[in-house]
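1. build the 3D model from these lines:
(4 chains)
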Protein chains: 4
Amino acid sequence: MPLNQIDLNSDVGESFGHYILGLDAEVIPHISSANIACGYHAGDPTVMRKTVALARANGVALGAHPGLPDLVGFGRRNMDVTLEEIKDFVTVQIGALQAVAALQGARLQHVKPHGALYTMAVKNPAIWDAVAEVIAKLDERLILFVLAGSDRKELEAIGKRRGIRMAFEFFADRAYNSDGSLVSRKLPGAVIHDNDEVAAKVLKLVKEGRVKTLAGSEIDLKAETICVHGDNPKALALVQKICETLKAAGVAVKAPADFL
Amino acid sequence: MPLNQIDLNSDVGESFGHYILGLDAEVIPHISSANIACGYHAGDPTVMRKTVALARANGVALGAHPGLPDLVGFGRRNMDVTLEEIKDFVTVQIGALQAVAALQGARLQHVKPHGALYTMAVKNPAIWDAVAEVIAKLDERLILFVLAGSDRKELEAIGKRRGIRMAFEFFADRAYNSDGSLVSRKLPGAVIHDNDEVAAKVLKLVKEGRVKTLAGSEIDLKAETICVHGDNPKALALVQKICETLKAAGVAVKAPADFL
Amino acid sequence: MPLNQIDLNSDVGESFGHYILGLDAEVIPHISSANIACGYHAGDPTVMRKTVALARANGVALGAHPGLPDLVGFGRRNMDVTLEEIKDFVTVQIGALQAVAALQGARLQHVKPHGALYTMAVKNPAIWDAVAEVIAKLDERLILFVLAGSDRKELEAIGKRRGIRMAFEFFADRAYNSDGSLVSRKLPGAVIHDNDEVAAKVLKLVKEGRVKTLAGSEIDLKAETICVHGDNPKALALVQKICETLKAAGVAVKAPADFL
Amino acid sequence: MPLNQIDLNSDVGESFGHYILGLDAEVIPHISSANIACGYHAGDPTVMRKTVALARANGVALGAHPGLPDLVGFGRRNMDVTLEEIKDFVTVQIGALQAVAALQGARLQHVKPHGALYTMAVKNPAIWDAVAEVIAKLDERLILFVLAGSDRKELEAIGKRRGIRMAFEFFADRAYNSDGSLVSRKLPGAVIHDNDEVAAKVLKLVKEGRVKTLAGSEIDLKAETICVHGDNPKALALVQKICETLKAAGVAVKAPADFL
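-> Sure, this is the predicted structure:
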């Protein structure tokens, strides 16, 4: 069943103090869900406030993007942390952003773990479950963004048990293995650099629910949100290309709270 | 009009990682309001969770104790920060603790600024107003703890305008000037070391609404909450003395949400 | 007596982890002294190593650029710190960069305090003295960069007493008061935006030892080093303009260790 | 060949700002080598200065105790860091303490990695080599403390190649496996709680160069330094017991620079 809507999400609010990171003002108008850093791996209270305002001014849904407490490593380094600690880290980060949003009369739509926390969860579903537990207790309307792949049923079961919705995420510029997992960045061909190819890939996913793998075969993959980037002008051009392609195909870019 | 109830508040949850600070388990059973550090000047996510649990197990009301972002200085150093930055700092700290409390099915009763942020506010009421604005937007049921003194009317006007309640705070072991302000710690006699004297001072405040100043005169002072400390065994002994004195006089120790 | 040499110094190594700040690779080839951040207000160990390597590859003298411990505020916020604390902060930062340089077989030429620490020292010469004391004990060959102005004799006396050299610094794009102090950034005209005007100002300083003040008069001002910036393409263009102007006038750009 | 001297080392200077950790003033008089935290996992510039002064006042040799950049985790959490990053971390920490020592007219004797960095090195000798490389470049007189065990020859080869001395470290209160490695803390019997047993173990090591393993057999083990703790009164009592036992047996407690 072809979809006529899809979410585009992007990591934003990653500046810190005097340090500016990302073209937030340029990418936010194109997306439907903003993953806002919460001060652990990036972001600070003032950046959080300004990013919430920017997203709201553009009608973009707000999401918390909690990471590991590692600013200098940008939350990309694995750390030996317990599930209990992960729940603590995620709780205070979501709570901080909830408050920033509340001050502007808004509330969060979703939560997407960042960097090493996300990849650790992909390898260990107990981490998805821990985050889901936190979300369910904080605000059961919050949607958890998780990686789309062959383990969808297992993850959906976590969502059902915890009583929250999940949005499965597709990485438009990444190659996929035949089991639905992402090709490791260490391998050749892991990242797709051709914008037309990426846009075609997105359209195929949305319209057919299928992805061509690195090996050349095709697999089923269901996703409700697509991760895009706003780090640099080249990334922005890709976002625009994706948006045009979706529009031309009659697919609306919509926040998942509107269709899940 | 003599009061038959008063709040006792104490700063708790000030440990950080491997660093233990304060006799929280000992002091919490004696107080009615816990000011819990939120990770800026002290505290970390795990300590916050454990402190909330400890306070709840003892029926003590939860409060956020936001400070300046200065862990090594314990939030006691003045910093050049704007009102906008103060609002940002306070928002994320309260939000973080609100989330920690929500995970345990609880909510916060109050907010008390910490250290340099508190003393900066005493000198500049625009800071009280900024914090009050944040509180009103986050949860209008939150009570702001402010310093009791001659400017009560001015502060009450802030609370009224912002639509929140305030609890005026008395420092039991500190000497007062005749204008109702605290004697500077740099001056001799600023801190009272005799437990009987402190306890008598508390009782006089509660029963008569009056305080004997350092100069020897007596002034009117109205307060709803009394700050006590749990840093060391000596401080604990003082808390116990105060509790006994209040009990013997028929004064109940109660969280201000119950009587304000 | 016209000078035929002058130092150009610039703040570099201000990136942090994933955050890139400044066009170091572009500005370093034009300067003679690099002020390298030491991890307190900016910089991290890896950035420090790479910046030392970059400066050395360009034959640029190495300097420590110690700041206040305030990454999110970029060391630009005044903080309540004692002279003893300032000495501690400066000691560990210089030591850290000395070690980074030593690993590459190099040593530091100078020390220039950063941001709020610099402006605090301008207002309170006891801070210059504290830094001079640290420098003298760490390596008496280190040169302290201080603000050029009417207090030159007082500062020189500090250097003499502590047994270290000082290089007096001129801010090329800033307007001066008739007493030799910088016009506050809060006042109109404080920053000069015309590149030709700035270059002419530099040349006048070097050749005549004189500066035209904001009020229009001329004053004597002696300086051995000129602060330039590499934050953005516009700043870079100014550095190039200054270099060309100096070259055309037969003035060599040289590190102060070579002529002090 | 029985030794008539041995080094006792202890981790000190682990306080941070308002947080006090360890009974430094009590343990330092008993030891010969002080491992001083350098601000990454513990310690701050002021604590570093005071700890250096305290060690010097007691004639105790100074050592850097570099750790991973993880204050809240006390440097005890493994982190995904490259050898290059480890060298950077270690360089700035040693350099910082070298400067603190230099300000007091002293220099460092040794370097002992802390916590997770130490245990990571035990598992991956390339980390020992990386630290040795840094040490050799900073000051070839510095002694590297490494874990005593069956891999002594391999580690000695690293020291020889890098041109530095090593002191092999024995953990007095830890049980050993028959291959000379430490029994994991996760296993029963890993830590020996009987002071007499620990002291006897130390004496056997010093006099016979042998250790009784957890399994009951005896193995050869050569060590020049013994790790003791000053965290609490119980740990202190053990240090005193060890000192008395050594003294009664005619073994001098000496810093390894004096006998290596």
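
2. for the closest residue to A:Leu108 other than its chain neighbours, what are its contacts?
-> The shortest distance from A:Leu108 to any non-neighbouring residue, by Cβ to Cβ, 6 or more residues apart in numbering or on different chains, is to A:Leu62 (5.0 Å). C-beta here means a position set from N, CA and C on the backbone, and glycine is covered the same way. By Cβ atoms under 8 Å, 6 or more residues apart in numbering or on different chains, A:Leu62 lies in contact with A:34, A:36, A:52, A:55-56, A:97, A:101, A:106-110.

3. of all those residues, which comes closest to A:Ile158?
-> Looking at the contacts of A:Leu62 and their distance to A:Ile158, the nearest is A:His110, at 15.5 Å (Cβ to Cβ).

4. OK, contacts around the residue nearest to A:Val191 when sequence neighbours are not counted?
-> Excluding its sequence neighbours, the residue lying closest to A:Val191 (Cβ to Cβ, 6+ apart) is A:Asp173, at 5.8 Å. By Cβ under 8 Å, 6+ apart, A:Asp173 lies in contact with A:191-193, A:198, A:229, A:238.

5. from those, which is closest to chain D?
-> A:Val191 (20.6 Å; Cβ to the nearest Cβ).

6. quick check: beta-bridge partners of the closest one?
-> When bridges are called by DSSP bridges, A:Val191 pairs up with A:Arg174.

7. right, and it touches A:Leu182 too?
-> No - look at A:Val191 against A:Leu182 with Cβ atoms under 8 Å: they stay out of range, at 10.0 Å.

8. can I get the contacts of A:Leu62 in TSV with neighbour count, secondary structure and pLDDT?
-> Listed next are the contacts of A:Leu62 as TSV, based on neighbours: other Cβ atoms under 10 Å in any protein chain shown; DSSP: H, G, I helix; E, B strand; the rest coil; pLDDT from 0 to 100:
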residue	neighbour count	secondary structure	pLDDT
A:Ala34	29	strand	98
A:Ile36	29	strand	98
A:Val52	24	helix	98
A:Ala55	25	helix	98
A:Arg56	17	helix	98
A:Leu97	32	helix	98
A:Ala101	25	helix	98
A:Ala106	16	coil	98
A:Arg107	13	coil	98
A:Leu108	24	coil	98
A:Gln109	25	coil	98
A:His110	28	strand	98
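
9. what's the closest of the residues you listed to chain B?
-> Of those, the one sitting nearest to chain B (Cβ to the nearest Cβ) turns out to be A:Leu97, at 7.2 Å.

10. I figured the closest one hits A:Arg49, correct?
-> No - between A:Leu97 and A:Arg49 there is no contact under Cβ under 8 Å: 10.0 Å.

11. returning to that earlier point: who does the helix or strand containing the residue nearest to A:Leu108 pair up with?
-> Assessed by DSSP states H and E, A:Leu62 sits inside strand A:61-65. Strands adjacent to strand A:61-65 in the sheet, as given by DSSP bridges, are strand A:33-37 (parallel), strand A:110-111 (parallel).

12. chain C contacts on chain A?
-> Chain A has residues A:16-19, A:21, A:42, A:44, A:71-74, A:76 near chain C, with proximity defined as Cβ under 8 Å from any Cβ of the partner chain.

13. A:Val198 touches A:Thr245, doesn't it?
-> No - using Cβ under 8 Å, A:Val198 is not in contact with A:Thr245; the gap is 9.2 Å.

14. check contacts around A:Glu14.
-> The contact partners of A:Glu14, taken as Cβ under 8 Å, 6+ apart, are A:21-22, A:37, A:42-43, A:47.

15. pLDDT weak spots in chain A?
-> Residue ranges of chain A with pLDDT under 70: A:1-2.

16. need the strands for the stretch 51-200 of chain A, in chain order.
-> A:61-65, A:110-111, A:143-147, A:165-171 (DSSP state E, counting those that start in this stretch).

17. out of the ones you listed, nearest to B:Leu187?
-> Comparing the strands of the stretch 51-200 of chain A by Cβ to Cβ, strand A:61-65 comes nearest, at 47.4 Å.

18. got the angle between that closest one and strand A:143-147?
-> Angle of strand A:61-65 versus strand A:143-147, following axes from the mean of the first three to the mean of the last three Cα atoms, to 10 degrees, is 60 degrees.

19. let's have the contacts of A:Asp173 in TSV, adding distance to C:Leu147.
-> Output for the contacts of A:Asp173, formatted as TSV (distance: Cβ to Cβ, whole Å):
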residue	distance to C:Leu147
A:Val191	49
A:Ile192	54
A:His193	50
A:Val198	53
A:His229	44
A:Leu238	48
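
20. residues of stretch A:121-131 that come out buried?
-> A:121-122, A:125, A:127-131 (16 or more other Cβ atoms under 10 Å in any protein chain shown).

21. can you lay out those residues as a markdown table showing distance to chain D?
-> Below are the buried residues of stretch A:121-131 laid out as a markdown table (distance: Cβ to the nearest Cβ, whole Å):
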| residue | distance to chain D |
| --- | --- |
| A:Ala121 | 16 |
| A:Val122 | 16 |
| A:Pro125 | 21 |
| A:Ile127 | 16 |
| A:Trp128 | 21 |
| A:Asp129 | 22 |
| A:Ala130 | 17 |
| A:Val131 | 19 |
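
22. of these, closest to B:Glu85?
-> Nearest member of the buried residues of stretch A:121-131 to B:Glu85, counting by Cβ to Cβ, is A:Val131, at 29.9 Å.

23. contact partners for the closest one?
-> So A:Val131 contacts A:86-87, A:90, A:111, A:113, A:121, A:144 (Cβ under 8 Å, 6+ apart).

24. which one of those is nearest A:His30?
-> Distances from A:His30 to the contacts of A:Val131, taken by Cβ to Cβ, are shortest for A:Val111, at 21.4 Å.

25. now do the same end-to-end measure for stretch A:102-111.
-> End-to-end span of stretch A:102-111 (Cα to Cα, to the nearest Å): 16 Å.

26. now swap in stretch A:103-120 and tell me
-> Stretch A:103-120 end-to-end distance (Cα to Cα) = 32 Å.

27. what residues does the stretch 101-250 of chain A put near chain D?
-> A:Ala116.

28. A:Val198 and A:Thr245: who's more crowded?
-> A:Val198 (22 against 19; other Cβ atoms under 10 Å in any protein chain shown).

29. so what's that one up against?
-> Counted by Cβ under 8 Å, 6+ apart, A:Val198 has contacts A:172-173, A:192, A:238, A:241-242.

30. any idea how far it is from A:Ala34?
-> Using Cβ to Cβ, to the nearest Å, A:Val198 is found at 21 Å from A:Ala34.

31. same deal with A:Gly209?
-> Taking Cβ to Cβ, one finds A:Gly209 at 26 Å from A:Ala34.

32. before we move on, the earlier item: how much space between the residue nearest to A:Leu108 and A:Gly250?
-> For A:Leu62, the distance to A:Gly250 equals 27 Å [Cβ to Cβ].

33. tell me what A:Glu169 is bridged to.
-> A:Leu147, A:Thr225.

34. burial of it, as a residue count?
-> By other Cβ under 10 Å, neighbour count at A:Glu169 equals 21.

35. was I right about it contacting A:Ile143?
-> No - using Cβ under 8 Å, A:Glu169 is not in contact with A:Ile143; the gap is 10.9 Å.

36. list the buried ones in stretch A:199-212?
-> Neighbour-count burial for stretch A:199-212 [16+ other Cβ under 10 Å]: A:199, A:201-203, A:205-207, A:211-212.
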